[in-house]
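sequence isn't available, so here's the structure alone:
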(Lines give C-alpha, C1' and ligand atoms only; values in the text may rest on other atoms or scores of the structure.)
Protein backbone atom coordinates (compact mmCIF):
# COMPACT_ATOMS: atom_id res chain seq x y z
CA UNK A 1 0.00 0.00 0.00
CA UNK A 2 1.28 3.42 -0.97
CA UNK A 3 0.08 6.72 0.51
CA UNK A 4 1.72 9.98 -0.61
CA UNK A 5 1.63 13.49 0.86
CA UNK A 6 1.74 16.39 -1.63
CA UNK A 7 1.89 20.14 -1.11
CA UNK A 8 3.78 23.37 -1.58
CA UNK A 9 7.00 24.32 0.23
CA UNK A 10 6.17 24.83 3.91
CA UNK A 11 2.80 23.04 3.84
CA UNK A 12 3.88 20.46 6.43
CA UNK A 13 4.41 17.37 4.26
CA UNK A 14 7.27 15.95 6.31
CA UNK A 15 5.49 16.62 9.61
CA UNK A 16 2.26 14.95 8.49
CA UNK A 17 4.19 12.03 6.94
CA UNK A 18 5.91 11.45 10.29
CA UNK A 19 2.70 11.74 12.34
CA UNK A 20 0.66 9.44 10.10
CA UNK A 21 3.50 6.90 9.87
CA UNK A 22 3.58 6.76 13.66
CA UNK A 23 -0.20 6.54 14.00
CA UNK A 24 -0.78 3.83 11.37
CA UNK A 25 2.57 2.03 11.82
CA UNK A 26 3.50 2.78 8.22
CA UNK A 27 7.05 3.06 6.88
CA UNK A 28 7.89 6.69 6.00
CA UNK A 29 9.89 7.61 2.90
CA UNK A 30 11.19 11.19 3.05
CA UNK A 31 12.30 13.73 0.49
CA UNK A 32 16.08 14.03 0.23
CA UNK A 33 16.66 17.61 1.40
CA UNK A 34 19.65 17.55 3.75
CA UNK A 35 21.85 15.50 1.41
CA UNK A 36 20.77 17.26 -1.78
CA UNK A 37 23.96 18.52 -3.50
CA UNK A 38 22.11 21.11 -5.63
CA UNK A 39 19.64 22.78 -3.28
CA UNK A 40 21.87 25.52 -1.84
CA UNK A 41 23.26 26.37 -5.28
CA UNK A 42 19.74 26.44 -6.74
CA UNK A 43 18.45 29.02 -4.27
CA UNK A 44 21.56 31.14 -4.91
CA UNK A 45 21.29 30.95 -8.72
CA UNK A 46 18.03 29.35 -9.91
CA UNK A 47 18.68 29.81 -13.62
CA UNK A 48 22.04 28.04 -13.52
CA UNK A 49 20.99 25.09 -11.36
CA UNK A 50 17.27 24.52 -12.09
CA UNK A 51 17.73 21.67 -14.58
CA UNK A 52 20.35 19.91 -12.44
CA UNK A 53 18.13 20.14 -9.35
CA UNK A 54 15.01 18.87 -11.13
CA UNK A 55 16.85 15.93 -12.68
CA UNK A 56 18.24 15.04 -9.25
CA UNK A 57 14.74 15.12 -7.71
CA UNK A 58 13.26 13.14 -10.62
CA UNK A 59 15.92 10.44 -10.34
CA UNK A 60 15.48 10.14 -6.57
CA UNK A 61 11.69 10.08 -6.76
CA UNK A 62 11.70 7.41 -9.49
CA UNK A 63 14.05 5.26 -7.39
CA UNK A 64 11.74 5.78 -4.39
CA UNK A 65 8.61 4.72 -6.28
CA UNK A 66 10.41 1.70 -7.75
CA UNK A 67 11.39 0.65 -4.22
CA UNK A 68 7.82 1.17 -2.96
CA UNK A 69 6.43 -0.97 -5.81
CA UNK A 70 8.83 -3.80 -4.92
CA UNK A 71 7.90 -3.64 -1.24
CA UNK A 72 5.04 -5.46 0.46
CA UNK A 73 5.00 -2.91 3.30
CA UNK A 74 2.54 -0.09 3.94
CA UNK A 75 4.46 3.05 2.98
CA UNK A 76 3.80 6.78 3.23
CA UNK A 77 5.85 9.05 0.94
CA UNK A 78 6.79 12.70 1.46
CA UNK A 79 6.12 14.38 -1.94
CA UNK A 80 5.42 12.67 -5.28
CA UNK A 81 7.13 12.38 -8.64
CA UNK A 82 4.10 14.09 -10.20
CA UNK A 83 4.77 17.35 -8.36
CA UNK A 84 8.24 17.57 -9.89
CA UNK A 85 6.86 17.18 -13.41
CA UNK A 86 3.55 19.04 -13.16
CA UNK A 87 4.50 21.90 -10.85
CA UNK A 88 8.17 22.63 -10.20
CA UNK A 89 9.73 22.02 -13.63
CA UNK A 90 7.01 23.82 -15.67
CA UNK A 91 7.05 26.69 -13.17
CA UNK A 92 10.80 27.14 -13.61
CA UNK A 93 10.37 27.03 -17.39
CA UNK A 94 7.54 29.59 -17.30
CA UNK A 95 9.65 31.91 -15.14
CA UNK A 96 12.50 31.75 -17.65
CA UNK A 97 14.68 29.86 -15.17
CA UNK A 98 14.89 26.68 -17.28
CA UNK A 99 15.51 26.73 -21.02
CA UNK A 100 12.94 25.23 -23.38
CA UNK A 101 15.54 22.70 -24.54
CA UNK A 102 16.18 21.51 -20.98
CA UNK A 103 12.48 21.52 -20.13
CA UNK A 104 11.56 19.36 -23.13
CA UNK A 105 14.36 16.96 -22.26
CA UNK A 106 13.09 16.79 -18.68
CA UNK A 107 9.46 16.16 -19.67
CA UNK A 108 10.45 13.45 -22.17
CA UNK A 109 12.40 11.71 -19.40
CA UNK A 110 9.45 11.96 -16.99
CA UNK A 111 7.02 10.52 -19.57
CA UNK A 112 9.37 7.60 -20.11
CA UNK A 113 9.59 6.99 -16.33
CA UNK A 114 5.82 7.33 -15.93
CA UNK A 115 5.28 4.19 -18.01
CA UNK A 116 7.06 2.13 -15.35
CA UNK A 117 5.43 3.45 -12.16
CA UNK A 118 2.08 3.27 -10.39
CA UNK A 119 0.40 6.26 -8.71
CA UNK A 120 -0.21 6.16 -4.93
CA UNK A 121 -3.30 4.38 -3.61
CA UNK A 122 -4.15 7.57 -1.71
CA UNK A 123 -2.85 11.11 -2.32
CA UNK A 124 -3.10 13.57 0.59
CA UNK A 125 -2.89 17.16 -0.67
CA UNK A 126 -1.99 19.88 1.85
CA UNK A 127 -3.61 23.11 0.68
CA UNK A 128 -2.43 26.37 2.26
CA UNK A 129 -2.46 30.10 1.64
CA UNK A 130 0.84 31.87 0.97
CA UNK A 131 0.86 33.53 4.46
CA UNK A 132 0.53 30.08 6.09
CA UNK A 133 3.37 28.72 3.96
CA UNK A 134 5.62 31.70 4.75
CA UNK A 135 4.90 31.30 8.47
CA UNK A 136 5.89 27.62 8.37
CA UNK A 137 9.03 28.29 6.32
CA UNK A 138 10.15 30.98 8.80
CA UNK A 139 9.46 28.67 11.75
CA UNK A 140 11.73 25.89 10.52
CA UNK A 141 14.49 28.35 9.62
CA UNK A 142 16.36 26.54 6.86
CA UNK A 143 19.08 28.99 5.68
CA UNK A 144 18.70 28.20 1.96
CA UNK A 145 14.96 28.99 2.15
CA UNK A 146 15.54 32.58 3.30
CA UNK A 147 15.70 33.74 -0.32
CA UNK A 148 12.38 32.17 -1.41
CA UNK A 149 10.18 34.92 -2.84
CA UNK A 150 6.47 35.39 -2.19
CA UNK A 151 5.67 35.41 -5.92
CA UNK A 152 7.50 32.07 -6.31
CA UNK A 153 5.28 30.46 -3.64
CA UNK A 154 2.20 32.06 -5.22
CA UNK A 155 3.05 30.65 -8.65
CA UNK A 156 3.59 27.20 -7.15
CA UNK A 157 0.26 27.38 -5.32
CA UNK A 158 -1.53 28.20 -8.58
CA UNK A 159 0.08 25.22 -10.29
CA UNK A 160 -0.77 22.92 -7.39
CA UNK A 161 -4.42 23.93 -7.59
CA UNK A 162 -4.47 23.40 -11.37
CA UNK A 163 -2.87 19.94 -10.98
CA UNK A 164 -5.17 18.86 -8.15
CA UNK A 165 -8.27 20.00 -10.07
CA UNK A 166 -7.45 17.49 -12.83
CA UNK A 167 -5.93 14.68 -10.71
CA UNK A 168 -7.56 11.37 -11.67
CA UNK A 169 -4.82 8.83 -10.94
CA UNK A 170 -6.42 7.60 -7.72
CA UNK A 171 -8.09 8.50 -4.44
CA UNK A 172 -7.34 11.97 -3.03
CA UNK A 173 -7.86 13.68 0.31
CA UNK A 174 -7.49 17.48 0.62
CA UNK A 175 -6.35 18.94 3.97
CA UNK A 176 -6.58 22.73 4.50
CA UNK A 177 -3.59 23.79 6.63
CA UNK A 178 -5.15 27.23 7.20
CA UNK A 179 -7.85 25.48 9.23
CA UNK A 180 -6.09 22.40 10.62
CA UNK A 181 -2.90 22.81 12.67
CA UNK A 182 -2.07 19.10 12.85
CA UNK A 183 1.50 19.73 14.01
CA UNK A 184 0.44 21.33 17.31
CA UNK A 185 -3.21 20.36 17.80
CA UNK A 186 -3.88 16.63 18.55
CA UNK A 187 -7.60 17.14 17.89
CA UNK A 188 -6.88 18.43 14.38
CA UNK A 189 -4.53 15.49 13.75
CA UNK A 190 -7.27 13.14 14.94
CA UNK A 191 -9.66 14.63 12.40
CA UNK A 192 -7.17 13.93 9.60
CA UNK A 193 -6.55 10.38 10.88
CA UNK A 194 -10.31 9.75 10.80
CA UNK A 195 -10.57 11.06 7.26
CA UNK A 196 -7.60 8.92 6.15
CA UNK A 197 -9.22 5.90 7.81
CA UNK A 198 -12.44 6.56 5.91
CA UNK A 199 -10.57 6.77 2.59
CA UNK A 200 -8.43 3.70 3.32
CA UNK A 201 -11.46 1.55 4.05
CA UNK A 202 -12.39 1.93 0.40
CA UNK A 203 -8.99 0.72 -0.79
CA UNK A 204 -9.28 -2.88 0.31
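In hand now; what should we look at? Keep in mind the model is a prediction, meaning the values are calculated, not measured.

confidence score at the spatially most central residue of the chain?
When CA atoms, centre = their mean is applied to the chain, the residue found nearest the centroid is residue 79 (2.8 Å). The confidence metric pLDDT takes the value 93 at residue 79.

and what of residue 138?
According to the per-residue confidence, residue 138 scores 81 in pLDDT.

for it, helix, strand, or coil?
Each residue gets one of three states, and residue 138 gets helix by DSSP: H, G, I helix; E, B strand; the rest coil.

what's the nearest residue to the residue nearest to the centre of the chain if we skip its chain neighbours?
Take residue 79 and drop its neighbours on the chain: the residue closest to it by CB to CB, 6 or more residues apart in numbering is residue 31, 4.8 Å away. Every residue, glycine included, has its C-beta placed from N, CA and C.

repeat that for residue 182.
In space, not counting the residues next to it along the chain, residue 182 is nearest to residue 189; the distance is 4.3 Å by CB to CB, 6+ apart.

surely the one you found is in contact with residue 18?
No. Checked against CB atoms under 8 Å, the pair residue 189 and residue 18 is beyond contact range at 11.1 Å.

what comes up buried for the helix ranked longest in the chain?
Using DSSP state H to define each element, the chain has its longest helix at helix 46-70. Of the residues in helix 46-70, those buried under the neighbour-count criterion (16 or more other CB atoms under 10 Å) are 46, 49-51, 53-58, 60-62, 64-65, 68.

which other helices and strands does that helix contact?
Secondary structure elements in contact with helix 46-70, counted by 3 or more CB pairs under 8 Å, 6 or more residues apart in numbering; DSSP states H and E, are strand 27-29, helix 39-44, strand 75-78, helix 81-83, helix 89-94, helix 100-114.

the longest one versus helix 46-70: what angle between them?
Interaxial angle, helix 100-114 versus helix 46-70 (axes from the mean of the first three to the mean of the last three CA atoms, to 10 degrees): 0 degrees.

burial-wise, tell me which of the helices and strands packed on helix 46-70 comes out on top.
strand 75-78 (a mean of 24; mean count of other CB atoms under 10 Å).

show me where pLDDT drops low in this structure?
33-34, 143-144, 146-147, 202-204 (pLDDT under 70).

need the contact partners of the longest helix of the chain.
Contacts with helix 46-70, where a contact means CB atoms under 8 Å, 6 or more residues apart in numbering, come from 2, 29, 32, 36-39, 41-42, 75, 77, 79-81, 84-85, 88-89, 92, 95-99, 102, 106, 109-110, 113, 116-118.

just give me how far it sits from the chain centre.
For helix 46-70, the gap between its own C-alpha mean and the chain's C-alpha mean amounts to 12 Å (CA atoms, centre = their mean, to the nearest Å).

also stretch 96-110?
Computed by CA atoms, centre = their mean, the chain-centroid distance of stretch 96-110 equals 20 Å.
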